[in-house]
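Participant: Give the three-dimensional model of this entry:
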Amino acid sequence: MTGLNPLARSVRDSLLARHTGWRDHVGVGEDGDLELAVEAPQGSRAGHLVIFTAQGKDIWIRYAPPHACYAVDSDQEMHLVVDALLRDDAFFVVVTNGDEWVETTLLRPGQEPILADGQVANMVSWSGRHDRIITPIRR
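Facilitator: Next up, the predicted model:
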């Protein structure tokens, strides 16, 4: 595939070296950036696992729900996060307050987000097993 900028080409090659079946999921976006999208298993609200580059400078990992996006600093971190997501050893947590986005993080099974009054956590896992909505306990 041609037209990828240097970072996008490096990320693509690194991903395809570990996930050879993902070759057909590679796309080229604006500025030659990579967008690789793998469909989530049935029953998951993740929609797709998307690994993409932005402006040839940044690497991001996301799921389809709004704000389920996480930046990584290196190929090594990218592989650690992708592998953890695919094994359900980590999942996205998007915290909102009404319609306002508050934060996005990754948690491991058994961990719970800390929420303030009015906040809601949308937990989204690759398999769907850890998917749930959490609201704070009122005391």
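
Participant: Contact partners for A68?
Facilitator: Residues near A68 by Cβ atoms under 8 Å, 6 or more residues apart in numbering: 46, 62, 92, 94, 104, 122, 124. Using the backbone N, CA and C atoms, a C-beta is placed for each residue, glycine as well.

Participant: Distance check, the residue sitting nearest the centre point of the chain against M123.
Facilitator: Centroid-nearest residue in the chain, with Cα atoms, centre = their mean: R62, separated by 2.6 Å. Applying Cβ to Cβ, to the nearest Å, the value for R62 to M123 is 15 Å.

Participant: same deal with Y63?
Facilitator: With Cβ to Cβ as the criterion, Y63 and M123 are 11 Å apart.

Participant: so where do the strands sit in this protein?
Facilitator: 26-28, 34-39, 48-54, 58-62, 69-72, 91-97, 100-107, 119-124, 132-134 (DSSP state E).

Participant: I'd like the ones you listed as JSON lines, with distance to V82 appended.
Facilitator: Conversion of these to JSON lines gives the following (distance: least, Cβ to Cβ, whole Å):
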{"stretch": "strand 26-28", "distance to V82": "14"}
{"stretch": "strand 34-39", "distance to V82": "9"}
{"stretch": "strand 48-54", "distance to V82": "7"}
{"stretch": "strand 58-62", "distance to V82": "6"}
{"stretch": "strand 69-72", "distance to V82": "9"}
{"stretch": "strand 91-97", "distance to V82": "13"}
{"stretch": "strand 100-107", "distance to V82": "11"}
{"stretch": "strand 119-124", "distance to V82": "15"}
{"stretch": "strand 132-134", "distance to V82": "22"}
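
Participant: okay if I get the contacts of A68 as JSON lines plus pLDDT and distance to A71?
Facilitator: Listed next are the contacts of A68 as JSON lines, based on pLDDT from 0 to 100; distance: Cβ to Cβ, whole Å:
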{"residue": "A46", "pLDDT": "96", "distance to A71": "18"}
{"residue": "R62", "pLDDT": "97", "distance to A71": "10"}
{"residue": "F92", "pLDDT": "97", "distance to A71": "13"}
{"residue": "V94", "pLDDT": "98", "distance to A71": "14"}
{"residue": "T104", "pLDDT": "97", "distance to A71": "10"}
{"residue": "N122", "pLDDT": "96", "distance to A71": "19"}
{"residue": "V124", "pLDDT": "97", "distance to A71": "17"}
